[in-house]
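**Student:** Sequence first, then the predicted structure:
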Amino acid sequence: MARPAPAALPARTAVAADPVPFDGSVYLDGVGAFLAGTANVIMQLALAPVGHGVVESTVESGQVTRHPLKRFRTTFTYISVALLGTDDERARYREAVNGQHRQVRSQPDDPVQYNAFSRDLQLWVAACMYYGAMDLYSKLYGPMPDDQADAFYEHAARFGTTLQVPTEMWPADRAAFARYWDEAVTRVAMDEPVREYLHGLMTRQYMHPALRGSVRFNTWVTTGFLPQQFRDEMRLPWSAGDQERFERVLRRLGAVLRRLPPVARRFPFNWLLWDLRVRIRLNRPLV
């Protein structure tokens, strides 16, 4: 059964306001996001300044190697509040994330220069989030109708504007985004420290052994969600047979997810947004 298309949004005039209600939860599937999440992180970190910014970060509380579950919570909460949060909630989460990002910057003599407040780097991360959301949706449920895809694209600007990306930096439409993406991926490059870090993330070596699951499956499903250029950077093999099996698994998973009640399909995004609201009411740290 096809999902109803959300109402189209008017032309963008401001960062914060969404004058037409938009149900961003339609695009959130917890199981799918869990399977695809590592691939999306790999894509983000494949741009050298982002990769080195994460690998070299001295912000101990945000390091996945030390606090993998906390990192999972903060990342998925960001997605939840960006797509589903109110303007006030997004502003509060922005300030909390800013407190972490202020400490993430390269030194003058570092070979790769980065600054977590760079709008260009934030735009790339937001673009990866949007690309990943669209890719996951299409693999699970098939292509979106154009009007639905256009509406979601407008709303997905929040992946960037929830932080420092101004509205005018978000490509004007999906065709403009495709041009941005095609140019941006030409700048993707990994060196060994970033590649080694990402292999550890993919195999979940930073997790407790009881939570790692199958290394073989984790590697296979992550590779399946990566475009070929990123597979090449990670030096991950992938065959036509792998692709056929991967597409078959995702189609079957999508058929199962369609039958779940929305509240179950959206978990843990709905729970994390609730948790954020409780933290705000209790004046507890948000990240």
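**Tutor:** The structure has been received and is ready for your questions. Predicted model, so just to flag it, every value in this text is computed and none were measured. Numbers count the residues shown, from 1 in each chain.

**Student:** low-scoring pLDDT stretches of the protein, where are they?
**Tutor:** For the chain, the stretches flagged by pLDDT under 70 are 1-21, 60-67.

**Student:** And the strands in this protein?
**Tutor:** Under the criterion DSSP state E, the chain carries no strands.

**Student:** Compute the number of surrounding residues for residue 42.
**Tutor:** Residue 42 has 28 neighbours, counted by other Cβ atoms under 10 Å. No exception for glycine: its C-beta is placed from N, CA and C like everyone else's.

**Student:** now it: how far from residue 34?
**Tutor:** 15 Å (Cβ to Cβ, to the nearest Å).

**Student:** Also residue 103?
**Tutor:** 28 Å.

**Student:** so who does residue 128 touch?
**Tutor:** 40, 43, 44 (Cβ atoms under 8 Å, 6 or more residues apart in numbering).

**Student:** ranking those by neighbours, who comes first?
**Tutor:** residue 43 leads the contacts of residue 128 on contacts (other Cβ under 10 Å) with 26 neighbours.

**Student:** give the contact list for it.
**Tutor:** 128, 131, 132, 226, 227, 230.

**Student:** swap the cut-off to 7 Å and go again
**Tutor:** 128, 230 (Cβ atoms under 7 Å, 6 or more residues apart in numbering).

**Student:** Spatially nearest residue to residue 163 (excluding sequence neighbours)?
**Tutor:** The shortest distance from residue 163 to any non-neighbouring residue, by Cβ to Cβ, 6 or more residues apart in numbering, is to residue 122 (5.3 Å).

**Student:** how about the helices in the stretch 1-150 of the chain?
**Tutor:** For the stretch 1-150 of the chain, the helices defined by DSSP state H, counting those that start in this stretch cover 30-45, 48-55, 68-84, 87-101, 119-141, 146-156.

**Student:** could you dump those to CSV with distance to residue 24?
**Tutor:** Converted to CSV, the helices of the stretch 1-150 of the chain look like this (distance: least, Cβ to Cβ, whole Å):
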stretch, distance to residue 24
helix 30-45, 13
helix 48-55, 24
helix 68-84, 4
helix 87-101, 12
helix 119-141, 10
helix 146-156, 6
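
**Student:** Could you point out which of these sits nearest residue 252?
**Tutor:** helix 119-141 (9.7 Å; Cβ to Cβ).

**Student:** Please point out which parts of the closest one sit buried.
**Tutor:** Neighbour-count burial for helix 119-141 flags 121-137, 139-141 (criterion: 16 or more other Cβ atoms under 10 Å).

**Student:** mind saving the C-alpha coords of it as PDB?
**Tutor:** The C-alpha trace of helix 119-141 is given here as PDB (Å, rounded to 0.1, in the frame of the first residue of the first chain):
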ATOM      1  CA  ARG A 119      29.200  25.200   7.200                       C
ATOM      2  CA  ASP A 120      30.600  23.300   4.200                       C
ATOM      3  CA  LEU A 121      31.400  20.300   6.300                       C
ATOM      4  CA  GLN A 122      28.000  20.400   8.000                       C
ATOM      5  CA  LEU A 123      26.400  20.600   4.600                       C
ATOM      6  CA  TRP A 124      28.200  17.500   3.500                       C
ATOM      7  CA  VAL A 125      27.100  15.600   6.700                       C
ATOM      8  CA  ALA A 126      23.500  16.800   6.200                       C
ATOM      9  CA  ALA A 127      23.600  15.800   2.500                       C
ATOM     10  CA  CYS A 128      24.800  12.300   3.600                       C
ATOM     11  CA  MET A 129      21.900  12.000   6.000                       C
ATOM     12  CA  TYR A 130      19.400  13.000   3.300                       C
ATOM     13  CA  TYR A 131      21.000  10.700   0.700                       C
ATOM     14  CA  GLY A 132      20.900   7.800   3.200                       C
ATOM     15  CA  ALA A 133      17.300   8.400   4.200                       C
ATOM     16  CA  MET A 134      16.100   8.500   0.600                       C
ATOM     17  CA  ASP A 135      18.300   5.400  -0.300                       C
ATOM     18  CA  LEU A 136      16.900   3.400   2.600                       C
ATOM     19  CA  TYR A 137      13.300   4.300   1.900                       C
ATOM     20  CA  SER A 138      13.700   3.300  -1.800                       C
ATOM     21  CA  LYS A 139      15.400   0.000  -0.900                       C
ATOM     22  CA  LEU A 140      12.600  -0.900   1.600                       C
ATOM     23  CA  TYR A 141       9.500   0.500  -0.200                       C
END
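
**Student:** Please shift the residue numbers so they start at 39 in all later answers.
**Tutor:** That works, and once the first residue is 39, the last one we named lands at helix 157-179.

**Student:** All set now, cheers.
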